[in-house]
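Colleague: sequence first, predicted model second:
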Amino acid sequence: MSVVELLILLLIAGICGSLAQALTGFNRGGCLLAVALGFIGALVGMWIARALGLPEPFAIQIGGQAFPIVWSIVGASVVTIVVGLLTGRR
């Protein structure tokens with residue numbers, strides 16, 4: 001994977017994490033938290049999809065690797081809700 005492909009992957013993960021934060025109303029953290037949520041969400045989302053036997057409706061190929069957009073947003077939303085419940089309101 002080249003540097004450009006890694007930067008594109010980080011950008012897509014950040015967008016997915018930001019969408020998850022917007023959907024759940026969790027606005028703590030910044031860009032780095034959104035990128036981390038995008039990657040963690042991809043892992044959690046794919047785990048949920050495999051457990052339920054669901055297909056991947058939309059994945060982007062980057063450097064020969066598929067990044068699951070829909071499951072990344074779903075998984076990041078789940079992680080964001082859990083973190084929001086654990087930390088409470090300010």
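Modeller: Everything's here; your move. All values derive from a computational prediction rather than experimental measurement.

Colleague: going by C-alpha atoms from here, please, whenever you check contacts or count neighbours.
Modeller: Noted.

Colleague: and the closest residue to Ile81 other than its chain neighbours, how many residues sit next to it?
Modeller: Closest residue to Ile81 apart from its sequence neighbours, by CA to CA, 6 or more residues apart in numbering: Thr24 at 6.6 Å. The number of residues packed near Thr24 is 15, by other CA atoms under 10 Å.

Colleague: so Ala28: helix, strand or coil?
Modeller: Careful, residue 28 is Arg and not Ala. When classified by DSSP: H, G, I helix; E, B strand; the rest coil, Arg28 comes out as coil.

Colleague: next one: phi and psi at it?
Modeller: Note on Arg28: its backbone torsions stand at phi -80, psi 160 [degrees, to the nearest 10].

Colleague: and the one helix or strand in the chain whose mean pLDDT sits lowest, what other elements does it pack with?
Modeller: Within the chain, no helix or strand scores below strand 65-68, which has a mean of 84 by mean pLDDT, DSSP states H and E. In terms of contacts (3 or more CA pairs under 8 Å, 6 or more residues apart in numbering; DSSP states H and E), strand 65-68 is packed against helix 31-52, strand 59-62.
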